[in-house]
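S.K.: requesting a structural model of the entry that follows:
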Amino acid sequence: MIKIAPSILSADFAHLARDIAAISSADYVHVDVMDGLFVPNISIGIPVVKSIRPTTTLPLDVHLMIDRPVRYVEQFCDAGGDLITCHVEADTEENILAAIDKIHAKGKKAGVVLKPNTRAEAVLPFLDKCDIVLVMTVEPGFGGQKFIPTTVSRVAAIKAECNRR
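M.R.: This next block holds a predicted model:
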C-alpha cells in the first residue's frame, strides 16, 4: 500500500499552517525531528508538533532522528503525533522496544527506521510490534541528497519478511 507523507522540513516555518494546508490531499504530514546528536542537524521539537496539531486533520507522522528516543516518545504522542518512528540505531534493542510499547500505550501507531547502511535484519526484533518500517534512502539529517539505490533491496527483504510472518 502506497502512502504519501510530505515532510514539512522543506516548508516555510513562518507559514507552517499554510504549507500544511497545501498538502491536504496527502495521507500524512511527515515531521522530521532532529536533535543535533543522533544526526548532525537540529530541527522541529515537541512545541512545534503541538502547535501544528490544530492546523490539520491529517495524521502527524513524527520521525524521531534523536538519541535515546524512549525518553521523549510519550511527549510527542501527547503533542499530537499519530505515528511515531524511532531509529533502531538510536538506542539499545530493549529501549527501542520500550519506546514502541510507550507509543502503543498512548493509543498511537509506532514504527522503526533504518539508516541507509544498516542491515535489513536490524528490524527483525521489532517487526511484530511495528505498524510501519521506514527505510531511509538518504543519510538522515539533511535534505537535498541523492537517492541511495542499494536501499531498494533492503525494502524488498523487509517486505518479504513481513509477508512471511
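S.K.: which pLDDT does the model give C162?
M.R.: pLDDT for C162: 92.
S.K.: may I have stretch 78-87 as CSV, with CA atoms only?
M.R.: Below are the C-alpha coordinates for stretch 78-87, written out as CSV (Å, rounded to 0.1, in the frame of the first residue of the first chain):
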residue,chain,number,x,y,z
ASP,A,78,0.8,14.0,23.8
ALA,A,79,1.8,16.9,21.5
GLY,A,80,-0.3,15.4,18.7
GLY,A,81,1.8,12.8,16.9
ASP,A,82,-0.3,10.0,15.5
LEU,A,83,2.6,7.8,14.2
ILE,A,84,5.9,7.9,15.9
THR,A,85,9.0,6.2,14.4
CYS,A,86,12.4,5.6,16.1
HIS,A,87,15.7,4.7,14.6
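S.K.: now do the buried residues in that stretch.
M.R.: A79, G80, G81, D82, L83, I84, T85, C86, H87 (16 or more other C-beta atoms under 10 Å). Every C-beta, even on glycine, is put in place using the N, C-alpha and C of the backbone.
S.K.: from these, pick the one nearest D67.
M.R.: H87 (9.3 Å; C-beta to C-beta).
S.K.: ok, now how distant is the closest one from R165?
M.R.: To R165, H87 is 22 Å away according to C-beta to C-beta, to the nearest Å.
S.K.: show me the helices in the protein, by range?
M.R.: Along the chain, counting by DSSP state H, helices occupy 16-21, 46-52, 73-79, 93-105, 151-164.
S.K.: for the second one, packing partners?
M.R.: Contact partners of helix 46-52 among helices and strands, from 3 or more C-beta pairs under 8 Å, 6 or more residues apart in numbering; DSSP states H and E: helix 16-21, strand 29-34, strand 60-65, helix 73-79.
S.K.: quick one, what contacts A5?
M.R.: A26, D27, Y28, V29, H30, D61 (C-beta atoms under 8 Å, 6 or more residues apart in numbering).
S.K.: could you list the low-pLDDT ranges of this protein?
M.R.: Along the chain, no part satisfies pLDDT under 70.
S.K.: at 90 instead, please
M.R.: In the predicted model, the chain carries pLDDT under 90 at residues 1-3, 10, 139-145, 150-151, 165.
S.K.: in it, which residue is closest to the centre?
M.R.: Nearest to the mean C-alpha position of the chain, by C-alpha atoms, centre = their mean, lies H63 at 2.4 Å.
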